[in-house]
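*Asks:* need a structure here:
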Amino acid sequence: MFYGDYMKFNIKNFVLYAVLLVLFSSFVLSLFKIVHWVDDSKESKEQIDYIMDSVVIEEEDEEEGEVLSEEPDPYNPYWDFIKMSLMSVDLNELKSINPDTVGWINVGGTNINYPIVQSIDNDFYLSHSFDKSYNDAGWVFMDYRNSTSLSDKNTIIYAHSRFDNTMFGTLRNVLSNGWLNNSDNYIVRLSTETENTLWQVFSVYKIPTTSDYLAIDFDGNFLDFVSMLKERSQFDFNTNVSEDDRILTLSTCYNDTSKVVMHAKLIKIQQR
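*Replies:* Predicted structure coming up:
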């Protein structure tokens with residue numbers, strides 16, 4: 001073998017070994033991530049099971065609560081929604097586990113049925129579970145800028161979109177015809193220490209990652225903001241939103257570059 005051929009042979013072998021090393025390293029890293037994801041998922045489900053065994057969730061009478069933002073159109077689905085029952089959750093046991101607990105959320109037609117927490121920033125509960133242990137599954141949390149009294153014009157709640165359908169993993173269901181074709185799904189229930197509330201969905205969509213729908217304070221442009229949200233909606237919910245309304249925003253990842261978002265307006269409230 002000539003020297004030139006020998007060098008070419010060594011270079012080819014080096015490239016081959018380098019490629020194999022990269023592939024092997026990628027495999028090991030992927031395997032590690034899968035094991036880590038499974039462990040996080042297992043720990044999250046254990047906490048969810050414990051919470052569901054510990055908490056008391058009650059359905060309030062359909063006649064209970066103050067009706068807000070009355071709809072003038074008698075054929076608007078709003079009139080069916082306000083007849084739906086409120087949800088009341090005893091948060092005392094949850095607050096003894098985690099004082100950051102601020103409420104409970106239930107979204108129609110999804111698996112979303114969890115306590116809500118709030119920290120001093122929007123980072124902590126991206127990587128910590130309900131008991132504050134480190135967990136990449138995170139938890140369902142309210143924007144740190146929001147008042148827990150739900151008095152802001154736009155209350156924002158986040159969670160990861162988990163492939164095991166925990167946290168906001170089933171929020172992507174709202175983009176499917178199966179979810180959209182059942183109007184009973186168009187309701188979000190919240191329960192806090194001071195009130196139980198009912199919210200009517202008016203917009204759902206997928207969008208490249210942006211923060212323009214995460215505004216909380218408005219200086220006379222609230223209706224312009226609402227108009228933007230409704231124009232983005234994948235479905236026309238035939239829901240009117242006025243200057244006096246308060247809205248709820250749920251946000252999660254669809255993939256690495258886009259979000260799934262739901263917006264609903266407050267239509268019924270019960271003081272506790």
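*Asks:* distance of residue 162 from residue 234?
*Replies:* Using C-beta to C-beta, to the nearest Å, residue 162 is found at 22 Å from residue 234. The way it works is simple: take the backbone N, C-alpha and C, and place the C-beta from them, glycine included.
*Asks:* give me the more crowded residue out of the two.
*Replies:* A count of neighbours by other C-beta atoms under 10 Å puts residue 162 above the other of residue 162 and residue 234, at 21 against 12.
*Asks:* show me what contacts that one?
*Replies:* Taking C-beta atoms under 8 Å, 6 or more residues apart in numbering, we find residue 162 in contact with 41, 44, 137, 168, 169.
*Asks:* I figured the fourth one hits residue 252, correct?
*Replies:* Yes. In terms of C-beta atoms under 8 Å, residue 168 counts as a neighbour of residue 252; the distance is 3.7 Å.
*Asks:* low pLDDT regions in the stretch 1-150 of the chain?
*Replies:* Scanning the stretch 1-150 of the chain for pLDDT under 70 picks out 1-38, 62-63, 69-70, 72.
*Asks:* quick one, strands of it?
*Replies:* Taking DSSP state E, counting those that start in this stretch as the criterion, the stretch 1-150 of the chain carries its strands at 57-59, 66-67, 87-89, 101-107, 113-117, 141-142.
*Asks:* residue 168 and residue 252: which has the busier surroundings?
*Replies:* Comparing residue 168 with residue 252 by other C-beta under 10 Å, the one with more neighbours is residue 168, at 27 against 22.
*Asks:* the closest residue to residue 232 other than its chain neighbours: neighbouring residues, count only.
*Replies:* Setting aside the residues directly before and after it, residue 232 is nearest to residue 205 in space (C-beta to C-beta, 6 or more residues apart in numbering), at 4.4 Å. Residue 205 has 20 neighbours, counted by other C-beta under 10 Å.
*Asks:* quick one: strands adjacent to the helix or strand hosting residue 205?
*Replies:* Here residue 205 sits within strand 195-208, counting by DSSP states H and E. The pairing partners recorded for strand 195-208 under DSSP bridges are strand 187-191 (antiparallel), strand 258-271 (antiparallel).
*Asks:* got the contact list for stretch 241-256?
*Replies:* By C-beta under 8 Å, 6+ apart, the residues outside stretch 241-256 that reach it are 68-69, 107, 112, 150-161, 167-168, 171-172, 188, 190, 199, 202, 206, 213-214, 222-223, 226, 229-230, 259-266.
*Asks:* what helix or strand does the spatially closest residue to residue 161 that is not a sequence neighbour sit in?
*Replies:* Excluding its sequence neighbours, the residue lying closest to residue 161 (C-beta to C-beta, 6+ apart) is residue 252, at 4.3 Å. Here residue 252 sits within strand 247-253, counting by DSSP H and E.
*Asks:* any idea how far residue 264 is from residue 212?
*Replies:* Look at residue 212 and residue 264: by C-beta to C-beta, they are 18 Å apart.
*Asks:* I should have written residue 79 there, sorry.
*Replies:* Taking C-beta to C-beta as the measure, residue 79 falls 16 Å from residue 264.
*Asks:* between the two, tell me which one has more neighbours.
*Replies:* Shown here are residue 79 and residue 264; by other C-beta under 10 Å, residue 264 has more neighbours (27 against 13).
*Asks:* that one bridge partners, please.
*Replies:* residue 201, residue 248.
*Asks:* what segments of the chain are helices?
*Replies:* In the chain, the segments counted as helices under DSSP state H are 3-54, 78-81, 92-97, 177-180, 222-232.
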